[in-house]
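Undergrad: Let's see this in three dimensions:
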Amino acid sequence: MTFLENLRAFQEGRLMYSVEEVGPNINVLHTEVIPGQEGCDFCSVSWDKGWIYETDFDDGWWACLECSELIENDDEEGLFVRSVEDAERRFGRMDAEAIPLVTAMVTTQQRKFLRGKTGVRVRDDNV
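TA: Numbering: from 1, shown residues only. Model (predicted):
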């Protein structure tokens, strides 16, 4: 299987999708993690001890210890690299088709988080 096929299979087993019609020709895609399939919202690796970050657009984002340190140090590039490297470990080497898609997905998702992050992180050891 290719990188994108492996990624899609993972998402189908981990995420639930719904579409909300908010206006003429305007739909909003909502995603929700299937219970029991949680993981770090940045690297998807760890679901051990970590931190919860409140945002102004949803219920918050969960970060493993490693990703949280990158966030706290304002290391956007390090967070991006960790996310992409994890994706390649899980789904195989990215081909030319996957690189722009994954880069856009990760960059968009992380920028949305960074712009919407409110307050301070809250320790979460109840996982």
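Undergrad: got a list of contacts for stretch 105-123?
TA: Contacts with stretch 105-123, where a contact means Cβ atoms under 8 Å, 6 or more residues apart in numbering, come from 41-42, 49, 51-57, 61, 63, 68, 71-72, 76, 79-80, 83-84, 87. In this view, the C-beta of every residue, glycine as well, is placed from N, C-alpha and C.
Undergrad: Could you do stretch 55-64 as well?
TA: 38-43, 45-54, 71, 112-113, 116-118, 121, 124.
Undergrad: How far off centre is the longest helix anywhere in the chain?
TA: Longest helix in the chain by number of residues (criterion: DSSP state H): helix 98-116. Distance, stretch centre to chain centre, for helix 98-116: 9 Å (Cα atoms, centre = their mean, to the nearest Å).
Undergrad: Quick check: buried residues in that helix?
TA: Under the neighbour-count criterion of 16 or more other Cβ atoms under 10 Å, helix 98-116 has 98, 102, 106, 110, 113 buried.
Undergrad: now do stretch 76-92
TA: Neighbour-count burial for stretch 76-92 flags 79-80, 82-84, 86-87, 91-92 (criterion: 16+ other Cβ under 10 Å).
Undergrad: one step back: out of the contacts of stretch 55-64, which are buried?
TA: Among the contacts of stretch 55-64, those buried by neighbour count (16+ other Cβ under 10 Å) are 39-43, 45-46, 50-53, 71, 113, 117, 121.
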